[in-house]
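Trainee: Based on what follows, work out the 3D shape:
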Amino acid sequence: QVQLVESGGDLGQSGGSLRLSCAASGNIFSINTMGWYRQAPGKQRELVAAISTVSNGREKYADSVKGRFTISRDNAKNTVYLQMNSLKPEDTAVYYCNAGLITYQNMGAMPGRYWGQGTRVTVSS
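Mentor: Below is the predicted model of the structure:
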């Protein structure tokens, strides 16, 4: 009933840029937060960046991407973006979109967490 569809993953070069998009659709009543996680081979999934769709769009970044990545949102489109600049080979990972949201069936409940299928980013040196 809820879908998060990522796009924009690709092969990038060190020092280059890529932009990821994630659109949420389905039986959505409200979205509280959206964000991006990543998982590199042999490593745990980690938070990259998150943004609140309320509270003036407060943002949070992993230390490893601060100053290089920017998260933004379009609430009207239920879409979140991740602009990735100054890419490094260590940014290579599968990037997953995440949303904390409430469906019409769960109105009044705490937001549930939903995940996209992931989009692969490979950065060559």
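Trainee: in the chain, what spans have low per-residue confidence?
Mentor: 55 (pLDDT under 70).
Trainee: most centrally placed residue in it?
Mentor: Trp36 (2.5 Å; CA atoms, centre = their mean).
Trainee: Over to the residue of the chain most remote from its centre. Which of the three states is it?
Mentor: Centroid-distance maximum for the chain: Gly108 at 25.0 Å, with CA atoms, centre = their mean. Secondary structure for Gly108, judged by DSSP: H, G, I helix; E, B strand; the rest coil, is coil.
Trainee: same question, Asn98
Mentor: strand.
Trainee: mind listing the strands for the protein?
Mentor: 2-7, 11-13, 18-26, 28-39, 46-52, 59-61, 69-74, 79-84, 93-103, 112-115, 119-124 (DSSP state E).
Trainee: Just list what the last one packs against, helices and strands only.
Mentor: When you say that, I think you mean strand 119-124. With contacts taken as 3 or more CB pairs under 8 Å, 6 or more residues apart in numbering; DSSP states H and E, strand 119-124 sits against strand 11-13, strand 18-26, strand 93-103. The C-beta positions use only the backbone N, C-alpha and C, and glycine is treated the same way.
Trainee: can you rerun that using 10 Å?
Mentor: Contact here means 3 or more CB pairs under 10 Å, 6 or more residues apart in numbering; DSSP states H and E; on that basis strand 119-124 packs against strand 2-7, strand 11-13, strand 18-26, strand 28-39, strand 79-84, strand 93-103.
Trainee: looking at these, which is closest to Gln117?
Mentor: strand 2-7 (6.9 Å; CB to CB).
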